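Novice: Got a predicted structure plus its sequence, pasted below:
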Amino acid sequence: MHAPHRPQGTDRPQADYDPAPVGFDSLGLDSALLEGIRVRGFESTTPIQSAVIPIALGGDDVIGCADTGTGKTAAFLLPILNRLLKARAANPSDVGFTRVLILAPTRELCVQIEDDVQGFTYHTELTSIAVYGGVGMDAQERALRAGADIVVATPGRLMDHQRNGAVNFHRVETLVLDEADRMMDMGFWPDVRRIVQTLPPVGKRQTLLFSATMPDEVMRLAAEVVTTPKYVQIGSAGGPAKSITHTVETVPASQKTDWLAKFLRRTEGPVLVFVRTKSGAERLARKLAGLGLCAAALHADRTQQQRTQAVEGFRSGRFHVLVATDVAARGLDIDGITHVVNFEVPSSREMYVHRVGRTGRAAATGTALTLVAPEELRALEALQRSFGPELQG
């Protein structure tokens, strides 16, 4: 066994944990859950899973800060599902109410979390529903009124259902806030506060809060929803994963599209390109398609069906390039993205971390490429200063 781990470089009190990988069968998980894990091909834990699962199984609140792509969804789902299965075995007739609420900032992330729930619980009778905007409310409302065991929701759409009286969260045992920093950035925190007020109070429920970055403002808001939490930090606080190579290319703004098209033609594997605006994403995807590249756009003005087609087409390889805005790509979890391209210099350290975290996930390596016009050099220098030597291009 490794000695208990206390990450350096932060003055926040750290939980004692061992980040070394262990077999899932050594964690005391329910046999049906272990079968779901086996079918999905997982053999041993990632560091965030090694750290969080034992703490969450013990019932403590957790604040987790980890690089994206490190397996954090399973880190919170597995202990939650294990508790639900134990409760169901002890009292099979105690059904018809929601026990777990998971809040996430975007539709795509909700869908991906609920897909994971379905994958892990395939051999059980647990029920779940993803609740998000852009689709009809009726099927969601029926599942909410029926008391699905697990609700995965964006705050805005869940508030709509609460106004319609479709939601009863009086018996929620576990609250998860995923990508809390982005929920705050996107202005969802007032809705989060209102939703939390409808749950059992702090101390009567377990709360697990996760974030790729953990600025002081997020910690202040976290203090509203947790009680004596265990703080877990994997990797540098809010830094990009070590498996990512960072490169910078100086290109005049007027030549960026042509430069990118040439780069994409000689680059294997799926490439995710970030742009600042919805219109910019649409325009760039259209220009790349006009140059013979299989490209799709992902932004908030596209319909839910168009967004799903873009993501699934990118996942399946039908689209070689996905051009996305930050909000639309939040939580995007697609294996094998080899390159992330910043078409413009990101405006903050947090934005850079979230963008490049789409590559270099789990044990894979990836490349983050930033295209810099001469007029953006000052913004690049500010970004480099915030990271230190790891982002010197």
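Specialist: Now that the structure is in, tell me what you want to look at.

Novice: shaky segments in the stretch 251-393 of the chain?
Specialist: 328-331, 333, 360-364, 388-393 (pLDDT under 70).

Novice: 50 instead?
Specialist: 393 (pLDDT under 50).

Novice: show me where it has strands.
Specialist: Secondary structure of the stretch 251-393 of the chain (DSSP state E, counting those that start in this stretch): strands at 271-274, 295-298, 321-324, 339-342, 366-372.

Novice: Out of those strands, which gets nearest to residue 62?
Specialist: strand 366-372 (27.3 Å; C-beta to C-beta). Bear in mind the C-beta positions are built from the backbone N, C-alpha and C, glycine included.

Novice: Let me see the backbone angles for residue 30.
Specialist: phi -60, psi 150 (degrees, to the nearest 10).

Novice: any idea of the pLDDT on the nearest residue to it once chain neighbours are set aside?
Specialist: Nearest residue to residue 30 in three dimensions, chain neighbours excluded: residue 85, at 4.3 Å (C-beta to C-beta, 6 or more residues apart in numbering). The confidence metric pLDDT takes the value 96 at residue 85.

Novice: Deepest-packed of the strands of the stretch 251-393 of the chain, please.
Specialist: For the strands of the stretch 251-393 of the chain, ranked by mean neighbour count under the definition mean count of other C-beta atoms under 10 Å, the leader is strand 321-324 at a mean of 28.

Novice: What ranges does the stretch 151-300 of the chain have for its helices?
Specialist: Assigned by DSSP state H, counting those that start in this stretch, the helices in the stretch 151-300 of the chain fall at 155-163, 180-185, 189-196, 216-222, 256-265, 278-290.

Novice: ah, wrong one, I meant the stretch 1-150 of the chain
Specialist: Secondary structure of the stretch 1-150 of the chain (DSSP H, counting those that start in this stretch): helices at 31-39, 47-57, 72-90, 107-120, 138-146.

Novice: With adjacent residues omitted, what lies nearest to residue 179?
Specialist: Using C-beta to C-beta, 6+ apart, the closest residue to residue 179 is residue 105 (5.3 Å).

Novice: now that neighbour: how far from residue 216?
Specialist: Separation of residue 105 from residue 216 (C-beta to C-beta, to the nearest Å): 20 Å.

Novice: So which of those two has more stuff around it?
Specialist: Remark: of residue 105 and residue 216, residue 105 carries more neighbours, 26 against 8, as counted by other C-beta atoms under 10 Å.

Novice: need the contact list for residue 156.
Specialist: By C-beta atoms under 8 Å, 6 or more residues apart in numbering, the contact list for residue 156 reads 133, 188, 191.

Novice: I meant to write residue 368 there.
Specialist: 240, 244-247, 339-340, 342, 352, 355-356, 359-360.

Novice: count of neighbours near the nearest residue to it once chain neighbours are set aside?
Specialist: Using C-beta to C-beta, 6+ apart and skipping the chain neighbours, the partner closest in space to residue 368 is residue 356 (3.9 Å). Neighbours of residue 356 under the rule other C-beta under 10 Å: 30.

Novice: what about residue 356, distance to residue 366?
Specialist: Using C-beta to C-beta, residue 356 is found at 8 Å from residue 366.

Novice: Now the common contact residues for these two.
Specialist: By C-beta under 8 Å, 6+ apart, residue 356 and residue 366 have these common neighbours: 244, 340.
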